[in-house]
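> 3D, please:
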Amino acid sequence: MDVINRDRCEPFVTKDGSIIRELLAHRNSSIRNQSLAEATVPVGVVTELHHHPKTEEIYYILSGTGKMEIDGELREIGPGDAIAIGPGKWHRIRNDGSKDLVFLCCCAPGYEHTDTVLAG
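This next block holds a predicted model:
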């Protein structure tokens, strides 16, 4: 049984600029086909426009507010919103609120730096 506590997960910065705590993935558990992470985007920060050729993602907003852009479409987002990001979809998230934007990110297959393509 794999039970991983968030506070024991070391944060790192992904290629797009978000701060990630990888909760469950092949690197720390028996999970092989997906990953679950907590992501934080600080106030005033926007992640780099990017896509994942192989990976689909689900973002679930826990706290904070901002804007989500997918293939040029922009939407306001906040707590309780679930966002579907298909493979190959260009996307970025912006924190234009007054506190950290925190969300869960589920990736299938699991997150890898090598499957992140930056726009610039």
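> What residues sit buried inside stretch 113-120?
115, 116 (16 or more other CB atoms under 10 Å). Glycine gets a C-beta too; all of them are placed from N, C-alpha and C.
> residues making contact with that stretch?
Contact with stretch 113-120 is made by 14-16, 48-55, 90, 109, as judged by CB atoms under 8 Å, 6 or more residues apart in numbering.
> Kindly recompute the last result at 10 Å.
With contact meaning CB atoms under 10 Å, 6 or more residues apart in numbering, stretch 113-120 is reached by 12, 14-17, 48-55, 87-88, 90, 92, 107, 109.
> Spatially central residue for the protein, please.
The geometric centre of the chain, computed from its C-alpha atoms, lies nearest to residue 105 (CA atoms, centre = their mean), at 4.3 Å.
> Can you give me the separation between it and residue 87?
Distance of residue 105 to residue 87, computed by CB to CB, to the nearest Å: 15 Å.
> so who does the residue lying farthest from the centre of the chain touch?
Centroid-distance maximum for the chain: residue 1 at 25.0 Å, with CA atoms, centre = their mean. Residues counted as contacts of residue 1 (CB under 10 Å, 6+ apart) are 29, 30.
> Ignoring the adjacent residues along the chain, who's closest to residue 19?
residue 40 (4.4 Å; CB to CB, 6 or more residues apart in numbering).
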